[in-house]
Structures are given as C-alpha cells and as structure tokens.
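Q: pasted the sequence and its predicted model underneath.
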Amino acid sequence: MNDIEYRQFNYRQMMQLKTHLARWLYKRLAYYYSNAGHTAPIRLSFARMRDESGMLDRVRTNDAIKELEAVFEVFKTIRVFNSVQRIKDISRLSILSTPASRINSLSQRVYNIASNCYI
C-alpha cells in the first residue's frame, strides 16, 4: 500500500475530448509514455489498442481504423502529438495461409508517433 504510483496529467484537456476512445488513449499515453519525442517515438499497434480498449470492435476494421486516426488528428490539433506515421505490417502475410487471416493481418497497423508535448 505504501508503493502507489501515479502520473499527473491535464484533466481539463482530457475532459474536453469528445469520444471515450480519445479519453482512454489520452490516459493510457499519460501513464505509459512520458519521454516520447522525435528521437524516441511511441509505437502503437492498432491490434493492441483494439484489444486493450474494447472500443474498436467494428464489423469493418477500416471503420475502426478511421475512428482511431480521427482521434490522432484531434491529438495533433491540441498538440499532444507532433506527427503520426502509419505503417502497414504485412510481414506476417507469408506465414498465414487462409484468406481470412490474410485480411486480418492486413488490418494490423503500427503507428509511429512523435510527441514533444506534455499531457
């Protein structure tokens, strides 16, 4: 009980975010990533964010990706992120054999995010 860890973050800025996904991601970034920048970017995986948040389960994966990228755009306008780079992870395609698994592996995205701003 004596070893409680916490991080301060801008609660007012978080509450001005419109979506639950944006608020969840804001809190997650504040807790886990404190030293991100151009030399040490954050690498976020769409699949991991989908699994951890539970808010990106859509019939069409592209709709979830668009929703997540809209959150990234909001973060860029409020200066949480400086830049976002989308990387398609198609290295797993050669390992997978069924068409459904190929589609799923194509939907996995990795984002490099450079941020110099404090949350």
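A: That came through fine. Residues are numbered from 1 along each chain as shown.
Q: every contact and neighbour count from this point should use C-alpha atoms.
A: Will do.
Q: same for the helix or strand harbouring Leu44, what does it pack against?
A: If you go by DSSP states H and E, Leu44 is part of strand 42-45. Other helices and strands packing on strand 42-45, by 3 or more C-alpha pairs under 8 Å, 6 or more residues apart in numbering; DSSP states H and E, are strand 109-114.
Q: pull the contacting residues for Met15.
A: Contacts for Met15 were tallied using C-alpha atoms under 8 Å, 6 or more residues apart in numbering; they are Arg23.
Q: about what we covered before: list the pairing partners of the strand holding Leu44 within its sheet, with orientation.
A: Here strand 42-45 is paired, per DSSP bridges, with strand 109-114 (antiparallel).
Q: now for the helix ranked longest in the chain, which elements pack on it?
A: The residue-count maximum for a helix in the chain (DSSP state H) belongs to helix 61-77. With contacts defined as 3+ C-alpha pairs under 8 Å, 6+ apart, helix 61-77 has these neighbours: helix 20-32.
Q: may I see the buried residues of the helix it packs on?
A: By 16 or more other C-alpha atoms under 10 Å, the buried positions in helix 20-32 come out as 21-27, 29-30.
Q: what average pLDDT does it get?
A: Mean per-residue pLDDT for helix 20-32: 89.
Q: hmm, which helix or strand of the chain has the shakiest average pLDDT?
A: When each helix and strand of the chain is scored by mean pLDDT, DSSP states H and E, helix 99-106 comes last, with a mean of 42.
Q: ok, now which ones touch the closest residue to Met55 other than its chain neighbours?
A: Once flanking residues are discounted, Met55 sits nearest to Leu21: 6.5 Å by C-alpha to C-alpha, 6 or more residues apart in numbering. For Leu21, the contact set (C-alpha under 8 Å, 6+ apart) comprises 53, 55, 68, 71.
Q: appreciated, that's everything.
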